[in-house]
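# When you get a sec, could you give me coordinates for this:
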Amino acid sequence: GCTRFFRQRPEEVTVVRLYAYISLHRKRWTVQQLCRVLKVSESGYYRSLKPTQRKVRQHALLVKIKEILSRFPGNENYGARRIHLALRQQGEDISYSTVYRTLRAHGLLHKAKRYPNGITREDAVAQKAENLIARDFTADAPCQKWLTDITEVPCRDGKLYVAPILDCFNGEIVGLAMDDNMQAQLCTRAFERACKSCSSRGMILHSDRGSQFTSRAFRASLAKYGAIQSMSGTGRCYDNARMESFFATLKKEKLYRIHTKKMPMEQVKSIIFRYIMVYYNRQRIYTSNPGGWPPSIYRQLTLPEAA
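Below is the predicted model of the structure:
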C-alpha cells in the first residue's frame with residue numbers, strides 16, 4: 001500500500017505515491033501539514049487531483065494492466081515486458097516505456113528473486129556425449145532440439161524430483177515426469193512421454209552429465225526413438241542455461257510463493273502439473289517467442305510453416 005514508502009529512501013519514493021498517501025490520510029491531518037512533512041507543494045498536490053487527458057489515459061491503461069495481471073493465476077508475476085506484449089496482443093499501440101512508467105508509479109514492478117541450483121551428479125566412469133547444442137538454444141521447427149534436467153522440490157513428506165523436456169523451438173514443456181527419487185526411470189518416463197505426445201523421433205536431446213542421463217536405461221530409450229544425445233561440459237551450467245532458466249521461472253513464479261515444505265507431495269505434484277501444462281504452456285506470455293505468444297499457441301500459429 002501507500003505506507004510502504006516509509007521503508008524506502010526518500011529518492012525512491014515517487015511524487016505520485018506521496019500524493020496518494022496525502023489523499024489517504026487527509027482526514028487525519030490537514031493537506032498543509034502532510035505536504036510540509038512530505039516536502040511536496042500544496043499547489044502540486046491539488047493540480048494532481050484535476051482530471052486531464054493524460055490522467056484519463058493513464059487510468060485507462062492502469063485498468064487494462066490490472067485486468068491482465070488478474071486474468072490467470074500466475075499473471076501477478078508479470079513484469080513490464082510481458083505486460084507490454086500482452087497489451088500489444090490485445091491491439092494496444094503503446095510503448096514499453098509508458099508501460100514501465102505506469103507500473104513503477106503504482107508500485108507494480110517486481111524485484112528479482114533467487115535462482116535454483118542444479119542437483120544432478122556426474123558419473124565419472126560413463127562415456128560422455130558431445131555438446132551438439134553449443135549453447136544455441138534456438139530451433140527452426142518443433143522437435144529438433146530438446147533440453148532436459150532434474151530439479152528437486154522439498155515437500156512435507158520428502159523431496160519431489162521434477163524432470164521436464166523443453167522444446168527449443170517455442171519453449172514448450174512437451175514431456176514431464178515427477179517422483180520421490182531421481183533415478184534414471186524418472187528421466188526415461190519424461191522423454192518417452194514427450195516422444196509419444198509429439199509423435200516425434202530423431203531429435204537432439206541435451207542434458208548435463210548426470211548419471212541418470214548416461215545410464216544404460218536412458219540411452220536405450222534414446223536409441224528406441226532415434227534421438228541423438230548431447231551433453232554439457234563438466235561444470236558448465238551455462239551449457240544448459242535455457243533449461244535452468246525454466247526451473248528458475250517455475251520456482252520464482254510458483255514454488256517460492258507457496259510453502260511446499262508444509263504440503264504433501266501429491267498436492268505439490270498437482271500444483272506443478274497445472275502450472276506447467278496449463279498456465280506455462282498455454283496462457284503465460286513467453287517473451288522469447290515472436291509476439292510473446294504462449295508456447296502451445298505459438299506452435300499452433302506456426303504449424304503450417306513448421307510442417
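
# quick one, phi psi at Ile228?
phi -100, psi 120 (degrees, to the nearest 10).

# Just list the residues touching it, thanks.
By Cβ atoms under 8 Å, 6 or more residues apart in numbering, the residues touching Ile228 are Leu132, Gly202, Met203, Ile204, Leu205, Leu222. For every residue, glycine as well, the C-beta is placed using N, CA and C.

# show me where pLDDT drops low in the stretch 1-150 of the chain?
1-12, 111-128 (pLDDT under 70).

# Do you have the helices of it handy? List them.
Assigned by DSSP state H, counting those that start in this stretch, the stretch 1-150 of the chain shows helices spanning 15-25, 31-38, 42-49, 53-71, 80-89, 96-105.

# And the stretch 201-307 of the chain, by the same measure?
With DSSP H, counting those that start in this stretch as the criterion, the stretch 201-307 of the chain has helices spanning 211-214, 216-224, 241-253, 265-273, 281-282, 295-301, 303-306.

# Comparing those, which yields the minimum mean pLDDT?
Lowest mean pLDDT of the helices of the stretch 201-307 of the chain: helix 303-306, a mean of 64.

# how about the longest strand belonging to the chain: buried residues?
Counting residues, the longest strand found in the chain (DSSP state E) is strand 158-167. Across strand 158-167, burial judged by 16 or more other Cβ atoms under 10 Å covers Leu160, Tyr161, Val162, Ala163, Pro164, Ile165, Leu166, Asp167.

# Quickly list what the first one is bridged to.
So the one you mean is Leu160. Going by DSSP bridges, Leu160 is paired in beta bridges with Val153.

# Now do the same contact list for it.
Neighbours of Leu160 in contact, by Cβ under 8 Å, 6+ apart: Glu152, Val153, Pro154, Met178, Asp179, Asp180, Thr260, Met265, Val268, Lys269, Ile272.

# Look up the pLDDT of the fourth one for me, please.
Taken from the predicted model, the pLDDT recorded for Met178 is 97.

# show me what contacts it?
Here Met178 is in contact with Leu160, Tyr161, Val162, Ala163, Leu186, Lys269, Ile272, Phe273 (Cβ under 8 Å, 6+ apart).

# rewinding a little: among the helices of the stretch 201-307 of the chain, show me which one is buried the most.
Per-stretch averages of neighbours, counted by mean count of other Cβ atoms under 10 Å, single out helix 211-214 among the helices of the stretch 201-307 of the chain, with a mean of 23.

# by contact count, what packs against it?
Helix 211-214 sits against helix 184-198, strand 228-231, with contacts defined as 3 or more Cβ pairs under 8 Å, 6 or more residues apart in numbering; DSSP states H and E.

# In the protein, which residue is most central in space?
Thr249 (3.6 Å; Cα atoms, centre = their mean).

# Which residue, other than its chain neighbours, is closest to it?
Once flanking residues are discounted, Thr249 sits nearest to Tyr280: 7.7 Å by Cβ to Cβ, 6 or more residues apart in numbering.

# same question, Met265
Cys155 (4.3 Å).

# Hmm, Lys261 and the one you found touching each other?
Yes - Cys155 is within contact range of Lys261, at 6.8 Å (criterion: Cβ atoms under 8 Å).

# Looking at these two now, which is surrounded by more residues?
More crowded of Cys155 and Lys261, by other Cβ atoms under 10 Å: Cys155, with 19 against 10.

# Which pLDDT value belongs to the more buried one?
The model's pLDDT for Cys155 equals 97.

# Got phi/psi on it?
Here is the backbone geometry of Cys155 (degrees, to the nearest 10): phi -130, psi 170.

# ok, now how distant is it from Met263?
Distance, Cys155 to Met263, using Cβ to Cβ, to the nearest Å: 6 Å.

# is it possible to export the contacts of Met178 to a markdown table including distance to Ile83?
Rendered in a markdown table, the data for those read as follows (distance: Cβ to Cβ, whole Å):
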| residue | distance to Ile83 |
| --- | --- |
| Leu160 | 31 |
| Tyr161 | 33 |
| Val162 | 28 |
| Ala163 | 31 |
| Leu186 | 36 |
| Lys269 | 30 |
| Ile272 | 25 |
| Phe273 | 26 |
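
# between those, which is closest to Thr148?
Nearest to Thr148 out of those is Ala163 (Cβ to Cβ; 6.5 Å).

# List the residues that contact the residue lying closest to the closest one once chain neighbours are set aside.
Spatial nearest neighbour of Ala163, chain neighbours left out: Ala190 (4.2 Å); criterion: Cβ to Cβ, 6+ apart. Shown in contact with Ala190 (Cβ under 8 Å, 6+ apart): Thr148, Ala163, Pro164, Ile165, Gly175, Leu176, Ala177.
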